[in-house]
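>>> Using only what follows, build the 3D model:
(one chain, ligands or ions: 1)
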Amino acid sequence: MTDAAILEQSTPDLPIRIVLVGTQHPGNIGAAARAMKTMGLGRLVLVAPEKAPNLDTAAMAAGADDLVEAAPVHATLAEAVADCALVLGCTARSRRVQLEQLDPREAAQRALAFAGQGPVALVFGRERTGLDNNELQLCHAAVHIPSDPAFSSLNLAAAVQVLSYEVRMAALGLGAATPAAIAPAPAREGLAPHAELEGFFAQLAEALDQIDFHKGRTPDSAMRKLRRLYLRAGLDSAEVRLLRGVLADTQRMAMLAARKP
Ligand code: SAH
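The predicted model follows:
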């Protein structure tokens with residue numbers, strides 16, 4: 001049995017944010033804030049909510065309104081996670097995405113492991129449709145709560161509760177670290193922020209076009225695999241600059257070659 005004194009500790013203020021994308025029911029924003037606050041998490045971020053927080057939000061927050069009031073509102077997920085070292089996307093659809101998949105316990109352990117290197121985002125989708133493919137592409141890994149496959153979708157705030165609980169247990173040092181949670185070796189400089197990686201991916205897509213890498217095939221599948229590879233590598237800013245230098249020279253050579261008669 002766990003020592004009661006450990007369970008009653010406050011969780012230290014962690015740079016782990018809960019990001020709600022396109023929430024449709026304002027009540028769920030309040031319920032999610034309450035779920036977080038009970039587990040010691042204080043950083044709520046909203047992305048393009050369908051309706052602004054209202055009286056339903058306050059009713060469901062039941063005293064966690066401070067989190068809603070302090071929540072920044074962004075237009076896109078990319079903007080909300082631009083400074084993050086790790087972005088984990090929660091999805092009710094198991095194994096439909098070409099991303100590494102974690103369970104909530106592994107996700108909480110990885111989130112804590114990365115929290116020393118920069119902000120971490122746990123991202124939740126819309127009540128009706130979840131996260132779209134472009135939003136999932138912004139994530140380093142997907143998190144699936146192993147629900148009954150015949151009825152797999154939890155209420156948004158219930159999903160936030162499960163993840164927040166696991167983060168608290170991990171923060172209190174409870175629960176053994178599982179092998180899947182072992183984080184990639186930390187980069188020397190600290191991990192590159194997400195916006196830098198997106199800049200690199202945009203240049204990579206451009207360069208692959210210029211060297212006719214796809215040869216008429218659609219670029220999506222190759223880009224997905226390349227993104228997965230580079231995201232797994234845990235690049236630091238210097239490594240991103242190096243790769244972009246390689247791309248810039250490749251692009252310059254391709255342009256010279258195209259000019260030759
Ligand atoms: N019909 C939607 C369900 C959305 S539920 C879909 O197919 O995706 C709202 C959000 O709660 C989801 O986007 C996800 O972030 C979270 N969620 C619900 N059930 C989940 C589960 N089993 N595992 C992980 N996240 C879940």
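
>>> pLDDT below threshold where in the stretch 101-250 of the chain?
175-188 (pLDDT under 70).

>>> Tally up the residues packed near the spatially closest residue to Met39 that is not a sequence neighbour, please.
Distances taken as C-beta to C-beta, 6 or more residues apart in numbering put Ser164 closest to Met39, at 3.8 Å, once the chain neighbours are dropped. Any C-beta I mention is one placed from the backbone N, CA and C, and that applies to glycine too. By other C-beta atoms under 10 Å, 25 other residues sit near Ser164.

>>> Near the ligand, which residues of the chain? Just list them.
Proximity of the chain to the ligand, by C-beta under 6 Å from any ligand atom, involves residues 90-93, 124-125, 127-131, 143-145, 147, 152-154, 156, 159.

>>> where do the helices sit along this structure?
Here the chain has its helices, by DSSP state H, at 4-7, 26-38, 55-61, 65-69, 77-80, 104-115, 133-137, 156-171, 194-210, 220-232, 237-259.

>>> So for Leu14, which of those sits nearest?
Nearest to Leu14, of all the helices of the chain, is helix 104-115, at 5.4 Å by C-beta to C-beta.

>>> tell me what the closest one is packed against?
With contacts defined as 3 or more C-beta pairs under 8 Å, 6 or more residues apart in numbering; DSSP states H and E, helix 104-115 has these neighbours: strand 16-21, strand 86-90, strand 120-124, strand 141-143, helix 156-171.

>>> per-residue confidence averaged over the second one?
Averaged across strand 86-90, the pLDDT comes to 97.

>>> Can you check what angle separates it from helix 220-232?
Counting by axes from the mean of the first three to the mean of the last three C-alpha atoms, to 10 degrees, strand 86-90 lies at 130 degrees to helix 220-232.

>>> cool, the last one as well?
Relative orientation of helix 156-171 with respect to helix 220-232: 30 degrees, computed using the same axes, to 10 degrees.

>>> Helix 156-171 packs against which elements?
Using 3+ C-beta pairs under 8 Å, 6+ apart, helix 156-171 is in contact with strand 16-21, helix 26-38, helix 104-115, strand 120-124.
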